[in-house]
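Enquirer: based on what follows, work out the 3D shape:
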Amino acid sequence: MCGTDGQVLVIKPSNPSSVSPAPDEPTDHRPSDTIINLDHGDPTMYESYWKVVGQKYTSITIPGFQSLSYFANKKNLCWFLEPKLEEEIKRLHKIVGNAIVENRHIVVGTGSSQLILAALYALSDPLNEPNPISVVSAAPYYSSYPETTDFLQSGLFKWSGDARCFNKEGPYIEMVTYPNNPDGVIREPVVNRADGKLIHDLAYYWPQYTAITSPADHDIILFTVSKCTGHAGSRIGWALVRNENIARKMVKFIEINTIGVSKEAQLRAANILETVSLSCQRHKPRDLENFFKCSQRLMAERWKKLREVVDNNKLFNIPKFPIQFCNFTRTSPKHILVITNASDVSFRQVPLSYDQKHFDHVYES
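Expert: From the prediction side, this is the model:
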């Protein structure tokens, strides 16, 4: 799970036989009694789905003469965006109904990490401020936000912490996430001042994680293939940008940073998104399971494991989220926020910066 500043939560179940790892679960150097790993997120749980789908739907061949040019489409504002990827991004958003794509510029990046920096640059550069623009997000926030913002010690922007505590005068940029990593809450902007700029990080706004209540309609929205389909290793993200000048500046940042984005990775991502869209069709192939239904089932199985930990160890309490109707699944899924309730849990590495609370966001079966 991301957003926990590199923690590993080690719990010994009171009934060890009641909780067992999945057969295909990768092994690592964690203690054998580790049940919940908060060290990092790695969406390998989707491997089972993609193995079943197999080569029939997800294999692509790229001839040696293809994709030699820096350019994918010279007429497009984002000239390194593969047309096929642009097409499949729009198609999937329309099917799921989680974001408005009409009259939006799509900017592709090497994961959403690069797009965060591109957006920060695009928003802060035109302001010509003598001091770096403050970047904030309401705690608890994704643990990479501070590191990403301050890593290069830019003169344009700097991390300024919890949005709820921010009272500095002047322009600022607020990162708004929903569902939020790590607590799963659907959020709104906190600072709410006229001189503020917003970046909406919607990496988890997909049906396997939360109810899709309406299509998102914001100035800058970030998505990533890693959270949508599990293909974190492809390093593909995209931004839906309302303002043309902001989109151009984001493209310029990526041009200077990496001279575009890998075409091979884009073509693979396009193929994967196409398969997901196909799986959601009413008249889909019989051998192709609906990706989001399968993902919801996987989340339910993980919730079952976590529920066993909660029941057997009594280290957690479970507040309830309000039940919302999902326009995509036509159901009202339950979402769970799990918080530690004791101080005798073993941790390694860096402690949390927000009152030693630990979160996971899962589906209840």
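
Enquirer: all helices of the stretch 51-200 of the chain, in order?
Expert: Ranges of helices within the stretch 51-200 of the chain are 55-58, 83-96, 111-124, 144-150, based on DSSP state H, counting those that start in this stretch.

Enquirer: tell me which of these sits most buried.
Expert: Each of the helices of the stretch 51-200 of the chain was assessed for mean neighbour count using mean count of other CB atoms under 10 Å. The highest is helix 111-124, with a mean of 24. The C-beta positions use only the backbone N, C-alpha and C, and glycine is treated the same way.

Enquirer: roughly how far does Pro63 sit from Ile186?
Expert: Between Pro63 and Ile186 the computed distance is 45 Å (CB to CB, to the nearest Å).

Enquirer: which one's more surrounded, the two?
Expert: Ile186 (16 against 6; other CB atoms under 10 Å).

Enquirer: my read: that one touches Pro179, true?
Expert: Yes - applying CB atoms under 8 Å, one finds Ile186 in contact with Pro179, separated by 6.0 Å.

Enquirer: who touches both of the two?
Expert: Here Ile186 and Pro179 have Thr210 as joint contacts, going by CB atoms under 8 Å, 6 or more residues apart in numbering.

Enquirer: mind listing what's buried in stretch 146-163?
Expert: Residues 146, 148-149, 154, 156-161, 163 are the ones in stretch 146-163 that count as buried (16 or more other CB atoms under 10 Å).

Enquirer: make a markdown table from the residues you listed and add pLDDT to it.
Expert: What follows is the buried residues of stretch 146-163, written out as a markdown table (pLDDT from 0 to 100):
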| residue | pLDDT |
| --- | --- |
| Pro146 | 97 |
| Thr148 | 95 |
| Thr149 | 97 |
| Ser154 | 95 |
| Leu156 | 98 |
| Phe157 | 98 |
| Lys158 | 98 |
| Trp159 | 98 |
| Ser160 | 98 |
| Gly161 | 97 |
| Ala163 | 98 |
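
Enquirer: strands - which of the residues you listed land there?
Expert: Among these, the residues falling in strands (DSSP state E) are 157-161.

Enquirer: from Ser112, how far out is the closest residue to Thr110 other than its chain neighbours?
Expert: Counting by CB to CB, 6 or more residues apart in numbering, Arg235 is the residue found nearest to Thr110 once chain neighbours are left out, at 4.9 Å. Applying CB to CB, the value for Arg235 to Ser112 is 10 Å.

Enquirer: what's the closest of the buried residues of stretch 146-163 to Met45?
Expert: Thr148 (24.9 Å; CB to CB).

Enquirer: which residues touch the closest one?
Expert: With contact taken as CB under 8 Å, 6+ apart, Thr148 is in contact with 113, 116-117.

Enquirer: how near is it to Ile173?
Expert: To Ile173, Thr148 is 12 Å away according to CB to CB.

Enquirer: go on, Asn192?
Expert: Distance from Asn192 to Ile173, by CB to CB: 13 Å.

Enquirer: who has more neighbours, these two?
Expert: Ile173 (23 against 10).

Enquirer: confidence score at that one?
Expert: At Ile173, the model reports a pLDDT of 99.

Enquirer: equivalent analysis for Gln296, please.
Expert: Listed pLDDT for Gln296 reads 91.

Enquirer: what about it, neighbour count?
Expert: Neighbour count for Gln296, taken as other CB under 10 Å: 20.

Enquirer: list the residues that contact the nearest residue to it once chain neighbours are set aside.
Expert: Residue nearest to Gln296 in three dimensions, not counting chain neighbours: Gln208, with 5.1 Å by CB to CB, 6+ apart. By CB under 8 Å, 6+ apart, Gln208 lies in contact with 292, 295-296, 298-299, 363.

Enquirer: next one: the nearest residue to Glu274 once chain neighbours are set aside from Pro189, what distance?
Expert: In this structure, Glu274 finds its nearest non-sequential neighbour in Glu88, 5.0 Å apart by CB to CB, 6+ apart. Distance, Glu88 to Pro189, by CB to CB: 30 Å.

Enquirer: distance of Ser59 relative to Val53?
Expert: 10 Å.

Enquirer: same drill for those two, tell me which one is more crowded.
Expert: Taking neighbours as other CB under 10 Å, Ser59 and Val53 compare with Val53 leading, 19 against 9.

Enquirer: ok, the more buried one touching Val276?
Expert: No - with contact defined as CB under 8 Å, Val53 does not count as touching Val276 (9.8 Å).

Enquirer: list the buried residues in the helix ranked longest in the chain.
Expert: When the chain is parsed with DSSP state H, its longest helix is helix 291-313. Neighbour-count burial for helix 291-313, counted by 16+ other CB under 10 Å, picks out 291-292, 294-296, 298-300, 302-303, 305-310, 312-313.

Enquirer: tell me what that helix is packed against?
Expert: Packing contacts for helix 291-313, counted by 3 or more CB pairs under 8 Å, 6 or more residues apart in numbering; DSSP states H and E, involve helix 47-53, helix 263-279, strand 361-363.

Enquirer: mind redoing it with 7 Å?
Expert: When contacts are defined as 3 or more CB pairs under 7 Å, 6 or more residues apart in numbering; DSSP states H and E, helix 291-313 packs onto strand 361-363.

Enquirer: lowest-confidence entry in the contacts of Thr148?
Expert: Note: of the contacts of Thr148, the lowest pLDDT belongs to Ser113, at 94.
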